[in-house]
Structure formats: structure tokens, C-alpha cells
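> coords please:
(chains A and B)
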Amino acid sequence: MPATRQWTNWLSLFIVAVIRTEKGEVLGMKGIISYGGYLPLNRIRRETVFEAMGWLHQAGYMKGEKCVANFDEDSVTMAVAAGMNCLRGYDREIIDGLYFATTTAPFRERRGADIIGTALDLAGTTRKADFTDTVSAGTTALIAALESIASGSGRQMLVCASDARLGKPGGSQEMTFSDGAASLLVGDEGVIANWEGSYSVSYDFPDHWRAEDDKFDRAWEERFGREEGYRKFLPEAISGLLARQNLRAEEVTKVIYPGIYPRDHATIGKKLGFEPGQIHEHLMNNMGNTGTAYPLMLLISALEEASPGDTLLVAGYGNGSDALLFRVTKEIRRIKEQRRSIKSYLDSRKDLKNYEQYLAFRGLISPEGGIRAEVNPYTALSLIWRDRREVLGLCGTRCKRCGTPQYPVQRVCANPDCGAIDDVEPYRFSDKTGMVFSFTSDLLAFTPSPPGIYAVVDFEGGGRYWFDVTDCDAESMSIGMPVEMSLRRRYVDERGGVIGYFWKAIPIR
Amino acid sequence: MAGGIKDKVAIIGMGCTQFGEQWDKGSEDLIVEAFTEALEDAGVEKVDIQAAWYASCYDEVNVGKSALPLSRTLKLPFIPVTRIENLCASGSEAIRGAVYGVASGAYDIALALGAEKLKDTGYGGLPEMNTILGTKNRVIFPGISAPGAFAMLANRYFSKYGLSIEQGKRVLAKISINSHRNGAKNSKAHLRKVITEDDVLNAPIVASPLGLFDCCGVSDGAAAAIVCRADMAKGFRPDPVFIKALQIGVSSGEELGYTVWDGTSVETTTRTAVRAYEEAGIKNPRKEISMMELHDCFSITELVTYEDLQISPRGKARNDVEAGFFATDGKIPSQPDGGLKCFGHPIGASGLRMLYEMYKQLQGKAEERQVKDPKIGLTHNLGGFPQMNVVSVVIVGL
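Okay, here's the model as predicted:
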């Protein structure tokens, strides 16, 4: 180590030592204070895809599997799931901003971050923005959030990155594109990974694109994207950051970047001087490329394994690259036990029955649903606005007189021994667990994934309502089964372009 | 309790169409048929009717809104006609209007008529339910169907009383077998086929644990009643049937909004029955009721209703079912006309159809279904789901 560097390191240690507060926290830290990933339950084995479509693209064979959003999930619902995981135990009232990163927003005009913010029951004063148009939007949103904290314009910012991209049937994107979400809460208190610096490069690199009405990505020759983009932009950003931070490769504990071209993944790290043990696994085999969420999910999985003092360098890729450097603090120990890990999500999985079910769930074929599937529920959007906290935020009421939580919102208490009128306070059910009071699996009612399972749920702490149950097999249902809540697409009115988001019960994963 | 309705009003004429999938008939045909039979049975003229109440549930999809479909079809001469809708209990609600109109002294003779043309909706089973509670409901209601809502009652009931699915289904099968045995004898019934336990247990599942033979028919049909002041009744016929009690109850919402209801009974039936017995002066329903037509939309509903009506003790209705207590030759014959299960369930007509059977039985005109020497008949009509509903209990006698 050069003498000057050694000296500044000693100096920074000294400064850190003198500005510890009475609570033992380090002042001046800015970085990640919580994290939460999310992967949908459904998987499709790539072999299953190849069995169906290999006749078309014989060279497209890949091992492993990918995650598939359920028929009632999209980028917004998965972002909410990751956000719920991230915010567990955190006060939602002090979040100053919410950035949503995706290339698969359900609406071209109607901000995803606002839907997510309402679902997470964040205040209207939470500043929101969508980051989009490239899969590096996840890391870009993270940098923007960290910069807000650094500038003092916010104390806590939530970043949710989520994608559910579709690959054309039989193409290589279909093999690699996967669905998932990541959420990071950044701030200046209780920091688990201090943000040390960033370095970004961005270019109009037209290796793949989706035009105005395209459902699928179009792509130029694969070698072009790999050699001119992936092999160049990641090294440029990573080495740029190392230089800017005056760090050498061996001083980094883990270097984390997407494995979009899995065979080139290790080569990039090696050329930059990293040992194989320093290169964080890319999870392409059992997770796949989850778009904007991908680098952040890798970062979360690295944080789950990290120890205090570790240095993590994460880089996103897409139209250039963003690289960020974090130093892990001892606070990491506190958070680990409270979070559902990427690994646990990877382990909690269910195989789709076949390729056709995958196509149906992702809207690539339209199976017969009978007359019940054709009834378009008319949605009163004025109600969606007026009752947003109740519908999208799953907030009911708690009677101030008798303490009974109730859903939906009641002005007259449902407790027959109370009956108080207008003596209520808002009560959030979305983060409460519940128990199946009774249930059925229904073959008459329409659902894209029969049978329709629904249940009356008794919430821990009080309150009862009935919900659809999703991510669940009929055979596994039982009275007393614990459930939690998950925002889903309750219905889609294709004619009106309306997505009816509402909460469903799911078995606790 | 206020004086109640007992013996103030009598039924002097009734009519009921064939129930079933009547592809060749519209709601107008059904209305005219039920009305004509009731008019002839009562021996009155159309001009004698001073007011009418008309029941139909699914307005937008078949019969239409307002009282106009009834008034215009029958050419009622500019008299007051009210259309009512209270889910599957609409038919009972129509006769309540007519009976109370007469009891008030406002009218001497009134008509109640219910009609439903379900087979013009395009659905197997009932059409969608998510509009029941208005606009917000469309967004926050789960994707329930009627059999599913009652299947939740069955699962909860089986669980509480320690019945395996198989044991529970065998008990329910006996209920459906009884209805089919009775329905087979009824020329106006929708489903006229005797079935076996194997038929029931091997039928496809509709909503677990309920299978096809646990569910009632979805039918077209109409039924009508003409009522008059009790003191006038014998002037029309020697055997008028008197209203002994007419109670309707509606959920307060606490079943699904509070956590005290245990999900193995229908709270509204329980409470409405208590009021009806008090109104009719019935102290021991198990001993005093001669026969019943219950709202057996699903086999489990009938099982639970026996308990809610205090005929069987809680959790013990299966013993009565297994002992044949509700069979035609049992202590309280139930569903002598086949019930919703086999007579069919054109929603707005069902409450009146139940009364039609009690009326004919009391008059000794039920042909081969005739119950021996009945004195008191009870109808139970339920709209909605076990978790939120409208219930009527009507008690009639000579």
C-alpha cells in the first residue's frame, strides 16, 4: 500500500473514532439500512422450454431454471412484495422517497411508484419517480436515492426494482429472462452497508431494444452485445470506480455483477484482477436475468453472506454500467435474521406443470375461460382514488372504543356489544399474518389458474375478511393454516385497460 | 313483541309453473302461467287485485328492472305494483309485502309473484356475484361462487364436529337422495331422477367438498300467491291457508366483520327462526312443525338449517338425517316437493314455490307426495352466503 493511502486510511479511522455518538452509531454514514428480495414461487425448467421449443432453436439449450411470475403478478406486485420484505420492522411514515425501477411497468402513463407507494401505505408526501428504459435502471435508481441522502434532501429513501420481461417463444431471451424484485432502503441511520462511492458510464448502445408497441425485446447479433457491450462497459465502470476510490482489486471482498452472458462472467472479473473467490455467483442457473432487479438481488444475496468490514462492489449492466462500492458495518448482523433471504426464495419453489401453462400465465396464449372469464368488471376509478388506502393499502379500521380491527373500513363498529359510530382509526392489515378460518377450492368460479381457492381469514390481532388464496395448491389448504398478504392483480379489464389490484392471501413462504 | 302477523292474512290462491330449463319460454310466459293458475285457484278476477309485489333477482340479465315487467305482462290496471329484490329470498319478500299490505288494512286482496329466467343468462350455475355489495365490492370481493361460499360452511362444519370429508359427504348424500326421491314424484320439478349414494359420491366436484349432486338445479320458473284479509278468506274457499308467522332477517355483517361467528351455522336463520316461532306461538318446533320446505341450495345448507331452526340439536342433525327423521314417512318430512335441489331454483320464484307446496299439502292436494295430516308448515328461504345473507322463515297453517 502506498504511504499516502495508508496515511489517509489511518486518518479516516481516527475521524470515525471521534465522531461516534452516544448510541454507538457512526455519524456521517450513508448507505443501505435494509434490504428485501422477492422471487415468485413458480419456476420453469429450461429443459421444459427446450422440449417444447427446441425444434425451433436447437442451439438454445440451457441448463437450470427460471422464475416465472404467477398469472396474477406483475412488476408492480413483485416490487410491493420485495418492499414489504424490506420494510419489515421499519416505520413507514418517515420514508421520504420511493424510486421504482423497471422496464415492464404495467402502465405507460400512471406511475408505478405511486401504485407501489399506496400499496406499501407510504405517505402522499413521499417523493416518487420511476426509473426505466434500461435494465441498469435499478442501479441508477439506487445511486439517485443515495445521492438524495447525501445531499440531505431525504433521510430515508426506498428503492424497488422489479421486472417481468417476456422472451419470444423459442428464443434465447425466453431461456434467460426471469421475474423477480429487489428492494433497498437507504438512509443515514442504522446503516448496514456504507456507500463509499459510485462510477457510471452510459451509452446509446443499440444491442437490444423494445419499440413503442413491442411486447418482446428485439436484439442485434448476440456477439455484438456481448463483445462490444457486456465485456467492455462492466470493466469500464468497475475499474473506473476502483480508480476513483483508490482501491485495488484485492481490497474488495466481493465483486458483484450480472451474468447476462454466463460464460463471460468470470472472464470479466479475472481480467480486472479479481480472484475467483472474490467474484459473487451470478445465479443465472437457478434464478435467471431479472432485469432491473438483477444486480440489486445479487447485492442482497451478497449482503446476506457478508461480515462487518467487507467491501462489496456491485455493478449493473444495460446501456452502459453503474458501479457502486459499499462497506459492510456491524449493523448487518441485526438485519439478517429479520429478512427472508434470496436463498430461501430460491429454495421455495414450484414447477409449472408444462410450457403451455407458462405461456398462459404470462399472457402469451389465451386459453378458453368460459363465459365467466368474459365478464369485464366495471371499475369505478373515482372509488379507487377515494378508497386508495383501503383497497390498495389494505387499511381497514380499528374501533377506538372496543379495539376491534375491521376490514373493509367501517364507520359503525361490527362488534355487536360496541356499535360505536365514527370512533375509528386506520388499521393496516397488509403486514399482518392470518389464519385460515375456512376455505374451498372452486371449479365453477373463473380463475386463469383453476381451481379458484379462497378463504375466510382471521388476522392475528383481530379482524376477519375473505380473500382469494394464491401461490397455493388446493391439497395443501387446511383450517388453521397460517397465511400472509400479497398484492396481486385481482382482475384485468382488457377492454378498459384497468388492472384491478387487490390483496390475496398466500401461504407463508 | 308487537302483535305480529298471526292469523291476520290468508292465502286463497296459488300458482306455480313447471320449473326447469325452459328454452322455449320467456319470463312473460312464466309470469302469465303462474298468475293464471293462482287466479283460477282463488276464484277471483284480475280487477279484484288491489296491489301487487313482484320478485326477481337478476334484473339486468333477464326479466328487467322495476315493477313494469309484471304490470305490463299481466296488464294490471294501473294499480300499485312494487318490484322487490332481496337475493334468493326475494320470493318470500314479495309475499311479505302483499301480506303486510293487506294486514295494514290498505288492501283487501293482493298478489305476490316471483319469476326468474336464469337460462337466458348464458351461465351454468348462477351469474357473477361480485356486484352484490356495490362498486367497491367489485374490487375487494374474492372470486367466490355460491357453491364455494357454502363449501366453506361445509369444511368448517366437518372440522368442528370431527367429520372426515368422506364421512361428511356421506351425510350430505343422504340429504340429496331424499330430495331426489321426492322430486321424482313431482311433475313440476326440474330434476326427476332417483339417485344413489354412489351417484352423489362419484359426482364431479364443484367446490370442494361439494359435488354436483350437492348443488340445486338452476332453473326458469315463476310462482304466485293471492292473499286476502283473514276474515274474508272462507268466502273464497273452504280451505284457505293462514299466515302464522312471516319473519325476515338480514345479516348485520358481524359474521365476516367480527370474529365471534364460528362458521358452522347461519346466524340469520337462527335468529329469524326464534322470532317466527314466537310470532306463531310455537314452543317446541321439533314437535309442533308438521313439514318443511328449506332453502337447500346446497346439501350442507339443509343440514345446518335443521340445527338453526332448532329441529335438531347443534352438531346432531346428521343423526336425524341418518334416522330418516326428514323423509316423507319421517317425523318432519322435509322438501316433499324435491326442494331447490330437484324442484329447481329460479331465484325470485323460490320462496313462493316453497309456500305453494306447503299450501297444497295443507289442503291435502299434494297427490303421491302427500304428507299425512299436516297442521303446520314452515318455509325457509335464504339469500346470499352463509357469511352474509337474507333469511325468511314463514309458518303457515289451516
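> residue contacts, B:Tyr58?
For B:Tyr58, the contact set (CB atoms under 8 Å, 6 or more residues apart in numbering or on different chains) comprises B:Glu116, B:Leu118, B:Thr121, B:Leu126, B:Pro127, B:Ile347. C-beta: built from backbone N, CA, C; applies to glycine.
> gap between it and B:His345?
For B:Tyr58, the distance to B:His345 equals 12 Å [CB to CB, to the nearest Å].
> Can you list phi and psi of the residue in the stretch 201-350 of chain B positioned nearest to chain A for me?
Residue nearest to chain A within the stretch 201-350 of chain B: B:Gly257 (3.3 Å; CB to the nearest CB). In terms of degrees, to the nearest 10, the main-chain angles of B:Gly257 are phi -100, psi -10.
> so it makes contact with A:Val412?
No: using CB atoms under 8 Å, B:Gly257 is not in contact with A:Val412, being 9.8 Å away.
> okay, the two: which has more neighbours?
Of the pair B:Gly257 and A:Val412, B:Gly257 is the one with more neighbours under other CB atoms under 10 Å in any protein chain shown, namely 25 against 17.
> could you list every residue that touches the spatially closest residue to that one that is not a sequence neighbour?
Excluding the flanking residues, the one nearest B:Gly257 by CB to CB, 6 or more residues apart in numbering or on different chains is A:Ala414, at 3.3 Å. Counting by CB under 8 Å, 6+ apart, A:Ala414 makes contact with A:Thr404, A:Gln406, B:Ser252, B:Gly253, B:Glu254, B:Gly257, B:Tyr258.
> how would you label A:Ala414: helix, strand or coil?
Counting by DSSP: H, G, I helix; E, B strand; the rest coil, the backbone at A:Ala414 sits in coil.
> which parts of the stretch 101-250 of chain B sit against chain A?
B:122-125, B:128, B:130, B:135-136, B:138-145, B:147-149, B:151-153, B:155-156, B:159, B:204-208 (CB under 8 Å from any CB of the partner chain).
> And what about residue 227, helix, strand or coil?
Defaulting to chain A. helix.
> nope, chain B please
strand.
> average pLDDT for the helix or strand where B:Tyr157 lies?
Element membership of B:Tyr157, judged by DSSP states H and E, is helix B:146-160. Average pLDDT, helix B:146-160: 98.
> Quick check: next helix or strand after that helix?
Remark: after helix B:146-160, the chain's next helix or strand is helix B:165-183, criterion DSSP H and E.
> residues touching residue 384, list them.
No chain was given, so I picked chain A. For A:Ile384, the contact set (CB under 8 Å, 6+ apart) comprises A:Val391, A:Leu392, B:Val139.
> my bad, chain B
Per CB under 8 Å, 6+ apart, neighbours of B:Gly384: B:Leu87, B:Cys88, B:Ile132, B:Ser251, B:Val390.
> how about 6 Å then?
Counting by CB atoms under 6 Å, 6 or more residues apart in numbering or on different chains, B:Gly384 touches B:Leu87, B:Val390.
> beta partners for it?
In this entry, B:Gly384 is beta-bridged to B:Asn389, by DSSP bridges.
> can you put the contacts of A:Ala414 in CSV and add secondary structure?
CSV is the format used below for those (three-state DSSP):
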residue, secondary structure
A:Thr404, coil
A:Gln406, strand
B:Ser252, coil
B:Gly253, coil
B:Glu254, helix
B:Gly257, helix
B:Tyr258, coil
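> ok, A:Glu196 - contacts?
Applying CB under 6 Å, 6+ apart to A:Glu196 gives the contacts A:Leu325, A:Arg327.
> and it, what element?
A:Glu196 is part of strand A:193-202 when elements are defined by DSSP H and E.
> circling back: between all of the contacts of A:Ala414, which two are separated the most?
Across those, the longest distance by CB to CB is 13.7 Å; it joins A:Thr404 and B:Ser252.
> which of these two has more neighbours?
Per other CB under 10 Å, whichever of A:Thr404 and B:Ser252 has more neighbours is A:Thr404, with 24 against 16.
> How about that one: what's its closest non-neighbour residue?
Distances taken as CB to CB, 6+ apart put A:Asn415 closest to A:Thr404, at 4.7 Å, once the chain neighbours are dropped.
> What of B:Thr131?
Per CB to CB, 6+ apart, closest to B:Thr131 is B:Arg138, 6.4 Å.
> Repeat that for A:Ala81.
A:Tyr38 (4.1 Å).
> Got phi/psi on that neighbour?
When read as degrees, to the nearest 10, the backbone of A:Tyr38 gives phi -150, psi 130.
> which residues touch residue 256?
I'll assume chain A. A:His280, A:Leu298, A:Leu299, A:Ala302, A:Val314.
> try chain B instead
Taking CB under 6 Å, 6+ apart as the definition, contacts of B:Leu256 comprise B:Gln387, B:Met388.
> what kind of secondary structure is it in?
Assigned by three-state DSSP, the conformation of B:Leu256 is helix.
> now do A:Lys270
Per three-state DSSP, A:Lys270 ends up helix.
> I figured the residue of the stretch 201-350 of chain B closest to chain A hits A:Thr404, correct?
No: taking contacts as CB atoms under 6 Å, B:Gly257 lies outside contact range of A:Thr404: 8.6 Å.
> on that earlier part again, counting contacts, what elements does the helix or strand where the residue nearest to B:Thr131 lies pack onto?
Taking DSSP H and E as the definition, B:Arg138 sits inside helix B:135-140. Under the contact criterion of 3 or more CB pairs under 6 Å, 6 or more residues apart in numbering or on different chains; DSSP states H and E, helix B:135-140 touches strand A:498-507.
> and for the strand it packs on, what are the contacting residues?
Here strand A:498-507 has contacts from A:106, A:379, A:394, A:457, A:467-472, A:483, A:485-492, B:139-140, using CB under 6 Å, 6+ apart.
> among the residues you listed, which are in helices?
Taking DSSP state H, the ones among the contacts of strand A:498-507 that sit in helices are B:Val139, B:Ile140.
> Per-residue pLDDT of the closest residue in space to B:His180 that isn't next to it in sequence, please?
Take B:His180 and drop its neighbours on the chain: the residue closest to it by CB to CB, 6+ apart is B:Ile195, 4.5 Å away. In this model, B:Ile195 is scored at 98, pLDDT.
> now do A:Arg490
95.
> what about the residue lying closest to it once chain neighbours are set aside, neighbour count?
Once flanking residues are discounted, A:Arg490 sits nearest to A:Phe502: 3.9 Å by CB to CB, 6+ apart. Under the neighbour criterion other CB under 10 Å, A:Phe502 is assigned a count of 21.
> Relative to A:Ala119, how far out is A:Phe502?
10 Å.
> in the sheet, who's paired with A:Tyr427?
Those that pair with A:Tyr427 in a beta bridge, by DSSP bridges, are A:Gly396.
> I'd like to know how far it sits from chain B.
The gap separating A:Tyr427 from chain B is 13 Å, by CB to the nearest CB, to the nearest Å.
> Tell me which of the contacts of B:Tyr58 fall in helices.
Secondary structure from DSSP H places B:Ile347 of the contacts of B:Tyr58 in helices.
> most surrounded residue in the contacts of B:Tyr58?
The most crowded member of these, judged by other CB under 10 Å, is B:Glu116 (33 neighbours).
> Which residue, other than its chain neighbours, is closest to that residue?
Leaving aside its sequence neighbours, B:Glu116 sits nearest to B:Pro346 (CB to CB, 6+ apart; 3.6 Å).
> What residues does the one you found make contact with?
B:Glu116, B:Ser219, B:Asp220, B:Gly221 are the contacts of B:Pro346 under CB under 6 Å, 6+ apart.
> just A:Leu120 next, same as before
Residues near A:Leu120 by CB under 6 Å, 6+ apart: A:Gly83.
> if you set the cut-off to 10 Å instead, what comes out?
Residues in contact with A:Leu120, defined by CB atoms under 10 Å, 6 or more residues apart in numbering or on different chains, are A:79-80, A:83-84, A:86-87, A:92, A:95, A:98, A:126, A:158, A:160, A:183, A:392-393, A:428, A:430-431, A:487.
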